[in-house]
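Asks: Here's a sequence, model it:
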Amino acid sequence: MATRHFLTLLDIEPDTLEKLMHRAIELKRMLREGVVYEPFKNKVLGMIFEKSSTRTRVSFESAMIQCGGGAIFLSPRDTQLGRGEPVADTAKVLSRMADIIMIRTFEHEKIETFSRNSRVPVINALTDTYHPCQLLADIQTYIEHRGSIRGKTVAWIGDGNNMCHSYINAARQFGFQLRIACPSGFEPDTTLVANNSDRVTLTATAEQAVDGAHMVVTDVWASMGQEQEQSERRAAFVKFQVSPALMDKAHESALFMHCLPAHRGEEVSENMLEDPRSVVWDEAENRLHAQKALMEYLLGTWKP
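Replies: Numbers count the residues shown, from 1 in each chain. Predicted coordinates:
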């Protein structure tokens with residue numbers, strides 16, 4: 001059987017993704033009940049980080065430890081990638097030593113090259129183009145609080161970045177409508193939007209996107225690598241802040257999510273994360289459980 005990879009949400013069939021979400025919820029329950037479950041015993045996860053992280057590193061490493069396996073953290077200082085070794089060569093070597101590999105990097109093409117040369121599953125833990133693991137946690141969180149997201153409306157407020165792109169893929173895979181509000185010049189990839197025109201709508205204002213929405217999501221205005229654009233972006237995005245007042249325009253059952261870290265006073269008001277509609281702490285925790293379920297599936301220790 002061909003090696004399974006998870007580079008975008010489109011790499012897993014919609015019905016399997018749905019089952020994977022419910023598996024993540026089950027794994028969360030098992031952990032809280034103290035069930036000893038070690039499907040990754042003697043398995044090794046290689047973790048390649050070219051971008052720094054808190055939630056990604058801790059969630060993947062904890063997932064492996066809790067499930068009986070181990071994880072190796074590799075920064076650019078720790079690998080020959082940082083000294084110019086070709087990506088393909090690194091993939092051929094590491095995939096002979098590790099059982100599964102996750103990569104957090106810049107160019108999406110790099111992880112595609114790595115996966116083509118890997119003997120073991122490769123997980124996209126973030127690239128400049130997509131962030132699919134975060135979407136697994138977000139959808140799990142919505143299901144836990146509100147049930148199925150199918151047929152609902154989600155509002156994305158802010159930059160048309162990797163998170164926005166993954167929300168477009170999620171709209172296709174999980175069957176919801178997505179409204180995107182971005183400042184002019186910061187819209188998501190035009191081809192991706194066009195290919196999903198039946199489920200994705202661009203709006204001129206945050207208020208239009210949020211009107212009646214069942215879920216409201218945002219992200220920082222300047223992602224890693226864009227720090228030099230911070231002041232320019234702050235001026236462009238000033239009308240795209242999520243606040244309790246903006247949330248009041250959403251559906252009465254609406255939830256608010258943010259992948260974190262958040263810049264209070266910028267993309268979110270000072271008090272938004274503490275609003276009763278905010279589920280950002282559950283969302284952050286669910287990275288752990290969703291990624292356990294994902295790795296179970298990719299390693300074949302759980303069958304949907």
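
Asks: Centre-most residue in the chain?
Replies: Ranked by distance to the mean C-alpha position of the chain (Cα atoms, centre = their mean), the top residue is Gln134 at 1.9 Å.

Asks: which residues does it contact?
Replies: Applying Cβ atoms under 8 Å, 6 or more residues apart in numbering to Gln134 gives the contacts 126, 163, 166, 259, 287. In short, each C-beta sits where N, CA and C put it, glycine included.

Asks: out of the residues you listed, which are buried?
Replies: Neighbour counting with 16 or more other Cβ atoms under 10 Å marks 126, 163, 166, 259, 287 as buried within these.

Asks: residue ranges for the helices of the protein, please.
Replies: Remark: helices of the chain, listed N- to C-terminal, are 14-32, 55-66, 87-94, 108-116, 132-146, 162-174, 190-194, 206-210, 230-236, 244-247, 280-299; assignment by DSSP state H.

Asks: Mind picking out the helix or strand in the chain with the poorest mean pLDDT?
Replies: helix 230-236 (a mean of 86; mean pLDDT, DSSP states H and E).

Asks: Can you give me the pLDDT of the closest residue to Gly70 other than its chain neighbours?
Replies: The shortest distance from Gly70 to any non-neighbouring residue, by Cβ to Cβ, 6 or more residues apart in numbering, is to Val44 (5.4 Å). The score at Val44 is 98. That number is its pLDDT.

Asks: Leu126 now?
Replies: 97.

Asks: for the stretch 151-300 of the chain, which spans come out with low pLDDT?
Replies: Where the stretch 151-300 of the chain drops to pLDDT under 70, the residues are 224-228.

Asks: okay if I get the buried ones among the contacts of Gln134 as TSV plus distance to Thr190?
Replies: Listed next are the buried ones among the contacts of Gln134 as TSV, based on distance: Cβ to Cβ, whole Å:
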residue	distance to Thr190
Leu126	22
Met163	17
Ser166	16
Cys259	23
Arg287	30
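
Asks: Nearest to Val35 among these?
Replies: Each of these was checked against Val35 using Cβ to Cβ; the closest is Arg287, at 19.8 Å.

Asks: got the contact list for the closest one?
Replies: Under the criterion of Cβ under 8 Å, 6+ apart, the neighbours of Arg287 are 55-56, 59, 133-134, 137.

Asks: List the contacts of Leu126.
Replies: Leu126 neighbours (Cβ under 8 Å, 6+ apart): 51, 53, 56, 104-105, 133-134, 162.

Asks: Domain ranges for this protein, per the record?
Replies: 5-131+284-299, 133-281 (the TED database).

Asks: So for the least confident helix or strand of the chain, could I get the coordinates as CSV, restricted to C-alpha?
Replies: C-alpha atoms of helix 230-236 as CSV (Å, rounded to 0.1, in the frame of the first residue of the first chain):
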residue,chain,number,x,y,z
GLN,A,230,3.9,44.9,10.8
SER,A,231,3.2,48.6,10.7
GLU,A,232,1.9,48.5,7.2
ARG,A,233,-0.3,45.6,8.0
ARG,A,234,-1.6,47.2,11.2
ALA,A,235,-2.9,50.2,9.2
ALA,A,236,-4.4,48.0,6.5
